[in-house]
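S.K.: what shape does this take:
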Amino acid sequence: MKSNNLCVFGLVMAVILLSGCAKVKEAAKGFAGISTEQLEQSRGNAIKNTVAYDYDTTLKEVQSALNKAKAYIYAQDPKKQMIAIYLSETDTTPVGIFLTKNGQSTVIEVVSPSTFAKESIASALSKSFEEKARSERAIEVSLSDIQAKANDKGITIALSTSDISGLGFIACEATIKFDPAAIKITSVNNSGSIVSAWGNPVYNITDGQVKVASYGVNSASGQGVLFNLAAEIAPDAKPGTSTLEIVSFKFNDGKTKTTLKNGTVTIIQLNSSQP
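M.R.: Residues are numbered from 1 along each chain as shown. From the prediction side, this is the model:
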């Protein structure tokens, strides 16, 4: 048996040497990567992530992400639904990616004997799918419509968003214009909002405009209020409607498609019999 093994090894080395210098690295990697048993046995310690795409779409996105990360794919097994890679052309730390169908979604498992390699590839895949989801989903951000009387105080104007779950948003900022003859913004907070875990927002209020920004460590999810604008109506505000305009808004780097919906402030007139 030993003699046979030596013969096989010698034959492989001969093929490698006869392949020429340009082929040595590729052939050596292929030989070293033949066995994926260790990766399969590590699935109990996998980093798992479920994405809202079917198997074929997920496979294409995983392959694209690995290509962008300059990973070296040395084995693919459709039956085991597995891709085996090295971190790079020069770093031969093995990493296994297993894909499992789960209805209309797909579960991605990343395994490796190296914690760093496992976390590195899992992070690259996660970011790739977040970018894909952001590019495909349009988000609506809106300001509320309010009615009030002249000199009313304690008014709250909400800046809200549609569902942002799974998009990896960890920051947002907005610029809002208002009519200072009708309304005054006094402060901004995110109490009870879907980004309250980010901490207090930073804001700047000037005559007729407010700029606000916030960021955090963990990504926000769900739909609902982002910021509460505390306001009061001018004592001499005239009856009528003015616009609360979202001049600009962005999540993270601003690449997500975002539809902006302005709000309104309607000053109602008191009847002579009303106090």
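S.K.: which element, helix or strand, includes Asp236?
M.R.: Counting by DSSP states H and E, no helix or strand carries Asp236.
S.K.: quick one: contacts for it?
M.R.: If a contact means Cβ atoms under 8 Å, 6 or more residues apart in numbering, then Asp236 has Ala150 as its contacts. (Each C-beta comes from the backbone N, C-alpha and C, glycine too.)
S.K.: how about Leu167?
M.R.: 130, 133-134, 137, 139, 219, 251, 256.
S.K.: which SS state does the spatially most central residue of the chain fall under?
M.R.: Taking Cα atoms, centre = their mean as the criterion, Gly168 is the residue nearest the geometric centre of the chain, at 2.3 Å. When classified by DSSP: H, G, I helix; E, B strand; the rest coil, Gly168 comes out as coil.
S.K.: give the contact list for it.
M.R.: 126-127, 130, 134, 219, 252.
S.K.: where exactly do the strands run in the stretch 1-150 of the chain?
M.R.: Ranges of strands in the stretch 1-150 of the chain, per DSSP state E, counting those that start in this stretch, are 47-51, 72-77, 82-86, 94-102, 105-111, 139-143, 146-148.
S.K.: and the gap between Gly96 and Ser88?
M.R.: From Gly96 across to Ser88, the span is 16 Å (Cβ to Cβ, to the nearest Å).
S.K.: who's more crowded, the two?
M.R.: Using other Cβ atoms under 10 Å, the more surrounded residue of Gly96 and Ser88 is Gly96, with 26 against 12.
S.K.: what about the residue lying closest to the more buried one once chain neighbours are set aside, neighbour count?
M.R.: Of all residues not flanking Gly96 in the chain, Leu39 sits nearest, at 3.3 Å (Cβ to Cβ, 6 or more residues apart in numbering). Using other Cβ under 10 Å, Leu39 has 25 other residues around it.
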